[in-house]
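Chemist: sequence unknown, structure follows:
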RNA sequence: GCCGGAGUAGCUCAGCUGGCCAGAGCAACCGCCUUGUAAGCGGUAGGUCACGGGUUCGAAUCCCGUCUCCGGCUCCA
């Protein structure tokens, strides 16, 4: 048989040869390094960049090769995502094997590779709890198996055999998985991988043996519901990570440590931006500098909105529950609303602005000439989120949205959605954000006619295409009143958070009986677009802090410049300089401290400009400019300074 | 809400196999120094050891409960 290789050469091998035979034929070094075979599809070059694993285009080394099929031998070289996934998947099996030995009676469920490592979910025997103190013991057991280089042996079992065996082994989760494979996919046999004594239900592929994943580490333990269902058993999930080499593992752990330094909760405290108190859990207290940052963003949104034909409005905080019954929130989200009562009436703090804006629309009379009406409001919202979901500024109970609702005609719909997306990306560009776009379609629990959902989903898709955006579709993830486009960003540890959203809604106008008078002098139903671009200011600031690592560009920094007098006799000139820079956010460090000390503190506060003034500067009416992280830039006149501070970066 | 972990001064942490008045550094405050591009020196003050119960002659330390936070899961209009 002929085996074409990536370098263009072709290898002649006996018929029925496997990947292992090929590797051995090429050389003993490769035979040792080979992990698996990547099946190449010449029409799809992207399958060679380490993304093939999910497509099932990686096969075991001992699988027979096909005559004429181009392939590549997968080795653990740096940057190969497939090799990494394979090793992590390998070590997940070793983890399960080790846990079963150390904690007999444990029930195993699933253990896949994930973005930064792997996990395995276990149901430990009654009375056994696992925490990080147990990791050294488990890791030691795992090391033994890695060192032993136990072969991964793939076998096919009929589903009946496999179920029967797992029943005997008292592994009910495996039985359920196989039963579902039979029910949903009609499979007759399942793949079983054996390493040591451990037999796992698994599609594969795996390396030839357990000896390849030498650089691994268990990282954390957490609870996770079986099959992601909160009504089912809570399992214990052990997370770990693995790399091709110990150096890469070490680098990864160091990167994590660096990322933790960018954590917005830590920087928020260090930079004096915000704080939390047990007197109002899940709600930020904004300190002066944080408030400055917050207001800068609100101002930006306001300015950009004005340029795009939005008008700002203000609506109440507390509404009669009737409003939420009309909107449908009462039925769906009552548990997450803060409800109170007065004079026999039930009231609720608004968890969102839309019904208020609908009410505002309804209080007026519109004709087609008035549309589109674009109402924006930096609205204050309260949502009673579950305590376990709170997370710094990213998930809070009280927050403000850069919210807006557009009421328009069916004809205007497409342009308005397109413009809203343009607005969103214009905003993100100001910060250099790399945003992931998702289209979420009709959920199971929804209101409104199917025909309206068809139209809404089609309109959003058209707008995405008009903006030339790449996006992912999340089936069934839409809001209960309409489909949406969600814009996601990742935090410093890679967790994804929703920032912006553009949602299309035929339902609220119906429920609130909103109308406008058409050219035909007949009342028509407007269409409504919900959009928030930064999302919540709280979350946006959280992302912003981690994105910049606290080193805000000067236009955004709470304090743009700090004047540092060399000694006390320069304080008058320092104050004078600050006065001349009115309009900029400038502080003076009045402390009787050495200039070295003042510079150190200003650097730690991450202030973009430090303006050192001593005898020379007083004499020459200048300031010596030092840029944060960059150092001394030389002396500048006040005029030149103003010029530089006004420069966008 | 669920699983696991944690909570000591404003911050970072030590003490926690039960027993000297609970410690350190930084920050704060008071002096001295008057300073040229990342920490000048000395002193002072600051804590119902998250909260509430219990065990004990004795609890920051052990046990139970509550609250909050951290890592996940579920949820996220």
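Modeler: It's in. No experiment lies behind these values; they were computed from the predicted model shown.
Chemist: if residue A:199 is in a bridge, with which residues?
Modeler: On the basis of DSSP bridges, residue A:199 is bridged to residue A:194.
Chemist: any idea how far it is from residue A:578?
Modeler: 73 Å (CB to CB, to the nearest Å). To be clear about C-beta, it is placed using only N, CA and C from the backbone, and glycine gets the same treatment.
Chemist: how about residue A:538?
Modeler: Separation of residue A:538 from residue A:578 (CB to CB): 31 Å.
Chemist: the more surrounded of the two?
Modeler: Neighbours per residue, other CB atoms under 10 Å: of residue A:538 and residue A:578, the larger number sits with residue A:538, 24 against 17.
Chemist: what score does the more buried one have for pLDDT?
Modeler: In this model, residue A:538 is scored at 98, pLDDT.
Chemist: quick check, it in contact with residue A:399.
Modeler: Yes: using CB atoms under 8 Å, residue A:538 makes contact with residue A:399 at a distance of 4.4 Å.
Chemist: assumed residue A:426 was part of a strand.
Modeler: No: checked against DSSP: H, G, I helix; E, B strand; the rest coil, residue A:426 lies outside a strand; its state is helix.
Chemist: quick one: residues contacting it.
Modeler: Contact analysis of residue A:426 by CB atoms under 8 Å, 6 or more residues apart in numbering lists residue A:304.
Chemist: any regions of the stretch 1-150 of chain A where pLDDT drops low?
Modeler: Where the stretch 1-150 of chain A drops to pLDDT under 70, the residues are A:42-50.
Chemist: what residues does it put near RNA strand B?
Modeler: A:129-132 (CB under 7 Å from any atom of the strand).
Chemist: what sits closest to residue A:485 if chain neighbours are left out?
Modeler: Leaving aside its sequence neighbours, residue A:485 sits nearest to residue A:502 (CB to CB, 6 or more residues apart in numbering; 4.5 Å).
Chemist: bridging residues for that neighbour?
Modeler: Under the criterion used (DSSP bridges), residue A:502 bridges to residue A:485, residue A:531.
Chemist: from residue A:434, how far off is it?
Modeler: For residue A:502, the distance to residue A:434 (CB to CB) stands at 18 Å.
Chemist: these two: which has the busier surroundings?
Modeler: Neighbour count, other CB under 10 Å: between residue A:502 and residue A:434, residue A:502 has more, with 27 against 9.
Chemist: what residues does the stretch 501-649 of chain A put near RNA strand B?
Modeler: A:501, A:503, A:530, A:566-569, A:592-597, A:599-600, A:603-604, A:610, A:612-617, A:624, A:626, A:629, A:631-632.
Chemist: surely residue A:587 is in a helix?
Modeler: No: per three-state DSSP, residue A:587 lies outside any helix segment and is strand.
Chemist: of all residues in the stretch 501-649 of chain A, which one is closest to RNA strand B?
Modeler: Of the residues in the stretch 501-649 of chain A, the one nearest RNA strand B is residue A:614, at a distance of 2.2 Å by CB to the nearest atom of the strand.
Chemist: can you check the stretch 251-400 of chain A too?
Modeler: Evaluated by CB to the nearest atom of the strand, the stretch 251-400 of chain A has residue A:388 as its residue closest to RNA strand B, separated by 2.1 Å.
Chemist: what residues does the closest residue to the residue of the stretch 501-649 of chain A closest to RNA strand B other than its chain neighbours make contact with?
Modeler: Take residue A:614 and drop its neighbours on the chain: the residue closest to it by CB to CB, 6+ apart is residue A:566, 3.3 Å away. Contacts for residue A:566 (CB under 8 Å, 6+ apart) come out as A:595, A:612-615.
Chemist: longest helix of chain A?
Modeler: Criterion DSSP state H: the longest helix present in chain A is helix A:81-102.
Chemist: which outside residues touch whichever helix or strand comes after that one?
Modeler: Next in sequence after helix A:81-102, counting helices and strands by DSSP states H and E, comes strand A:107-108. With contact meaning CB under 8 Å, 6+ apart, strand A:107-108 is reached by A:96, A:99-100, A:120-123, A:170-174, A:200.
Chemist: one more pass at 7 Å, please.
Modeler: By CB atoms under 7 Å, 6 or more residues apart in numbering, the residues outside strand A:107-108 that reach it are A:96, A:100, A:122-123, A:171-174.
Chemist: which one of those residues is nearest residue A:445?
Modeler: Using CB to CB, residue A:173 comes nearest to residue A:445 of those, at 28.4 Å.
Chemist: does residue A:225 touch residue A:237 like I think?
Modeler: No: checked against CB atoms under 7 Å, the pair residue A:225 and residue A:237 is beyond contact range at 9.8 Å.
Chemist: wait, isn't residue A:614 in contact with residue A:568?
Modeler: No: if you go by CB under 7 Å, residue A:614 and residue A:568 don't touch, sitting 11.4 Å apart.
Chemist: which residue packs closest to residue A:406, ignoring adjacent ones?
Modeler: Excluding the flanking residues, the one nearest residue A:406 by CB to CB, 6+ apart is residue A:529, at 4.1 Å.
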